[in-house]
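> My questions concern the predicted model and sequence given below.
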Amino acid sequence: MIYSFYIYTRNGSCLYQEKWNVPGGKSVTYSDPEEEKRLLFGLLFSLKEFVGKIAPTTATQASADPFGAAEPAAGAGTVPEGMQRYQTNSYTCHQYETPSGLRFVMMTDNQAGDMTPTLKYIYSQIYVETVASNPLSDTKSGKPISSQLFRSQLTQYLESQPCYREEALENTNYFRCGGSESRLVLPASLDEVTEWLIEEGV
């Protein structure tokens, strides 16, 4: 089941937020929307730093691929792969970061599976076509996206996904780093995950 979707700039400005099927638990939603957006970005930023410290390194270099997929190169320096998602016993947070630093973030239940291809599609086929390619859109100011075409195409696409309203059947706690999965028990709420990161010194 898909709960919510966000787009952030490199600096943490939230360009877009939409929610569906949201339960009442604090693990997914907060009474203060602005605080929720700030907390989520801070959490993802901290997790990226944490993963960068503990992740295995691979000989890669940045490529011009629109999806940001790195390609091996002889003699290239070692860089850690990015964090793609983390999962608690209540929800899964998926993230796709573009080469320009935009972050496409989605909250789902734990049965939704890997949503990275979905986030890549939203970026390349919906965001680029309806926002980035629109001369009337001001994508550099950090102002929220107001395009109704973007919103309607996004909603239509997500509603067509099999996991849009599916219920979770199992719970597993882990985060995904690049192509590998690392098991890590995380607390259930964003607040508790943030506290855990602080305790870890991230």
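That came through fine.
> number of nearby residues for the residue lying closest to residue 142 once chain neighbours are set aside?
Distance criterion Cβ to Cβ, 6 or more residues apart in numbering; nearest residue to residue 142, sequence neighbours excluded, is residue 13 at 3.7 Å. From N, CA and C alone the C-beta is placed, and that goes for glycine too. A count of neighbours around residue 13, defined by other Cβ atoms under 10 Å, yields 14.
> how much space between residue 13 and residue 93?
19 Å (Cβ to Cβ, to the nearest Å).
> can you give me the strands in this protein?
Secondary structure of the chain by DSSP state E: the strands cover 2-8, 14-19, 57-59, 78-80, 83-87, 92-97, 103-108, 174-177, 180-183.
> is it true that residue 110 touches residue 92?
Yes. Using Cβ atoms under 8 Å, residue 110 is in contact with residue 92, at 5.4 Å.
> Between the two, which is the more surrounded one?
Each of residue 110 and residue 92 has its neighbours counted (other Cβ under 10 Å); residue 92 has more, 26 against 18.
> Mean pLDDT per helix and strand in this protein: which one sits at the bottom?
Lowest on mean pLDDT, DSSP states H and E among the helices and strands of the chain sits strand 78-80, with a mean of 40.
> For the biggest helix by length in the chain, list every residue counted as buried.
Determined from DSSP state H, the single longest helix within the chain is helix 33-54. Neighbour counts over helix 33-54 (16 or more other Cβ atoms under 10 Å) mark 36-37, 39-41, 43-44, 46-48, 50-52 as buried.
> Not counting sequence-adjacent ones, nearest residue to residue 151?
residue 18 (7.2 Å).
> Return the residues in contact with that neighbour.
Contact analysis of residue 18 by Cβ atoms under 8 Å, 6 or more residues apart in numbering lists 4, 5, 151, 154, 155.
> hey, least reliable of the strands of the chain by pLDDT?
Ranked on mean pLDDT, the bottom entry among the strands of the chain is strand 78-80, at a mean of 40.
> Run through the bridge partners of the residue nearest to residue 151.
Beta bridges link residue 18 to residue 5, judged by DSSP bridges.
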